[in-house]
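> One predicted model, sequence on top.
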Amino acid sequence: MEESDLIVERKKKLAELRKLGIEPYGRRFIRTHKIAEIKGDIPGKVKIAGRIVALRGHGKAAFADIKDITGKMQLYFKNDILGDGRYEIFEKVDIGDFLGVEGSVFRTRTGELTIRVEDFKILAKSLRPLPEKWHGLKDVELRYRKRYLDLIANEEVPEIFRKRSQLIKKMREFLEKKGFLEVETPIMQEIPGGAKARPFITRHQALDTELYLRIAPELYLKRLLVGGLEKVYEINKSFRNEGIDTLHNPEFTMLEAYSAYGDYQEMMELTESLIVSLAKEILGKEELNYQEQKINLKSPWQRMSLKESLKKYCSFEDFSDLKKMRKIAKSLNLELTGAENGFEIGDAIFKKKVQASLINPVFILDYPLSTSPLAKSKPGNAEIVERFELFIGGLEIANAYSELNDPREQRKRFEEELKEERESVKKAIDEDYLEALEYGMPPAAGLGIGIDRLVMLLTNSPSIRNVILFPQLKPKQ
RNA sequence: GCGCCCUUAGCUCAAUCGGUAGAGCAGGACACUCUUAAUGUCAAGGUUGCAGGUUCGAUUCCUGCAGGGCGUACCA
């Protein structure tokens, strides 16, 4: 039978219901209980609503399972009880329909809590068949393109998004308690800054100007530090016009937080206590499994410089030994242009070799200045900046640094950066940002946390698409 | 972008050393007033992702395309 035949069949029932004077798309239905609230025998009548997910007919009686957001309940429809042609109407109900039912709670012979339906209303007729009841919806493409079906068919899916919501809520609470102010900064920016990704371009008609979707909110949040707001954060969607894979979606959710008078050491403490407290709230514990790996989040977390990590996992001693590093890079099939300095090759080797070994939380510190144009250099070492990235379960979860607040140094870094910029990206220095710095920005620490990846970690999800309700896919022709 | 793999009924899956596809669920009909992956009987459901090629014959082999998955590159 073609799908259209299944739909024809249901449309037929719809018409028949209307003929019987039943409107199959109902209105407000006032419930006395949500399903999970019906735990024992409840005297009198209850009214619940939900979607029919299973039907088991027995001649002039039937059992049905109805589901709301809190759980599932068995319903018992019986000709003798409904009476007067009402059972005939019930026979036009399909799996997938939304019903409001009224009845009394009892236990079946097998002890299952069930509602003996005395009256019911069809709240919405479903015209399409639901995915298979036992195996759920497995087709990965369908799950993403029609997430509503995934939510109906696969129990663990709503749970992931409940946890995601919980995590963001608790993150807010944590930061508020620490005195951070939540702000909103422009998504459409004249000059996209704060990261080096390719931006999406859009256009404002009335202003007759091109605008860019932000790749990060960083430069606007730091303007607020100039303005005297000492602790700010934004839970933001940012947009990067780059490849899509298990760790990257073109639009993604990030926390960025800035704290005046602090440095990256302060941010490490904040990050550690934030993530530990989130794990306790969401999972109720500090240990978790991520993709076959056992992870222990218990403080204190390990801290290691980038250089030390390379020594430990790739056993090479000296960043000035370019020959040796190139050899290692080559053995890892890394493509190099030949113009890289020691730190850049080191970073590439790190990504390829070290990262996968960082299962328990590790702060990797002290990145090369050349790849960190907005970070403050370490006292006594102009090549290195005060920056860390946090790795858990082999995933890069956070990135933070002591913020560069010297406007002339910042200009120099921007100019350096401009030289290597890719052709598709607008070549411009954010003069307005530099001007802001000239008014004086307090020394500060800044933090970025990839919320999608953190949710992946806490829900044991192998792909970022599992934790984004509507991940980006190619349009289907 | 590159490499490898996948695409069979609405859903979940079989099958074919190249001989025109078969189950379960869902849907239809009948029976059944305590079932719970209800049960029993019957009937129906397919341009095997799309377009070409080879062949007497292609769902199967080959090429191209589309979508998807994984890896890799870009994403400081």
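It's in.

> residues making contact with stretch A:30-37?
With contact meaning C-beta atoms under 8 Å, 6 or more residues apart in numbering, stretch A:30-37 is reached by A:42, A:45-50, A:66-73, A:100. Backbone N, C-alpha and C define where each C-beta goes, glycine included.

> With RNA strand B in mind, check whether that stretch reaches it.
No: judged by C-beta under 7 Å from any atom of the strand, stretch A:30-37 stays clear of RNA strand B, getting no closer than 13.8 Å.

> Buried residues in that stretch, which are they?
By neighbour count on 16 or more other C-beta atoms under 10 Å, the buried set for stretch A:30-37 is A:31, A:33, A:35.

> before we move on, what about stretch A:117-128?
By 16+ other C-beta under 10 Å, the buried positions in stretch A:117-128 come out as A:117, A:118, A:120, A:121, A:122, A:123, A:125, A:126, A:127.

> Equivalent analysis for stretch A:97-116, please.
Of the residues in stretch A:97-116, those buried (16+ other C-beta under 10 Å) are A:97-105, A:113-116.

> and of these, the nearest to residue A:365?
Within the buried residues of stretch A:97-116, proximity to residue A:365 (C-beta to C-beta) peaks at residue A:98, which comes in at 54.7 Å.

> phi, psi of the closest one?
Dihedral pair for residue A:98: phi -90, psi 130, per degrees, to the nearest 10.

> farthest pair in the buried residues of stretch A:117-128?
Spatial extent of the buried residues of stretch A:117-128 (C-beta to C-beta) is set by the pair A:118 and A:127 at 27.5 Å.

> Can you tell me which of the buried residues of stretch A:117-128 is closest to RNA strand B?
residue A:126 (9.9 Å; C-beta to the nearest atom of the strand).

> what about the closest one, is that helix, strand or coil?
coil (DSSP: H, G, I helix; E, B strand; the rest coil).

> quick one, phi psi at it?
Dihedral angles of residue A:126 (phi, psi; degrees, to the nearest 10) stand at phi -100, psi 130.

> Would you agree it is in contact with residue A:92?
No: in this structure, residue A:126 is not within contact of residue A:92 by C-beta atoms under 8 Å, at 11.8 Å.

> For the stretch 151-300 of chain A, what lies in contact range of RNA strand B?
A:194-198, A:216, A:240, A:242-248.

> ok, now with 6 Å
Neighbours of RNA strand B within the stretch 151-300 of chain A, by C-beta under 6 Å from any atom of the strand: A:194, A:195, A:196, A:197, A:240, A:242, A:243, A:245, A:246, A:248.

> For the residues you listed, which two are the farthest from each other?
Among those, A:194 and A:246 lie farthest apart (C-beta to C-beta), at 24.0 Å.

> of these two, who's got more company?
Using other C-beta atoms under 10 Å, the more surrounded residue of residue A:194 and residue A:246 is residue A:194, with 22 against 12.

> ok now do the more buried one, which residues does it touch?
By C-beta under 8 Å, 6+ apart, the residues touching residue A:194 are A:214, A:215, A:216, A:217, A:218, A:219, A:374.

> Quick check: the third one vs residue A:88, distance?
Taking C-beta to C-beta, to the nearest Å as the criterion, residue A:216 is separated from residue A:88 by 62 Å.

> residues in contact with the least confident helix or strand in chain A by mean pLDDT?
Here the helix or strand of chain A ranked lowest by mean pLDDT, DSSP states H and E is helix A:342-349, holding a mean of 75. Contact with helix A:342-349 is made by A:306-307, A:310, A:314, A:319-322, A:325-326, A:328-329, A:332, A:334, A:336, A:340, A:367-371, A:383-384, as judged by C-beta under 8 Å, 6+ apart.

> Need the pLDDT of the residue of chain A found nearest RNA strand B.
Taking C-beta to the nearest atom of the strand as the measure, the point where chain A comes nearest RNA strand B is residue A:59, at 2.3 Å. Looking at residue A:59, its pLDDT reads 94.

> tally of neighbours for it?
6.

> repeat for residue A:252
Residue A:252, neighbours per other C-beta under 10 Å, totals 20.

> Ok, the one 4 residues further on next?
Residue A:256 has 25 neighbouring residues, counting by other C-beta under 10 Å.
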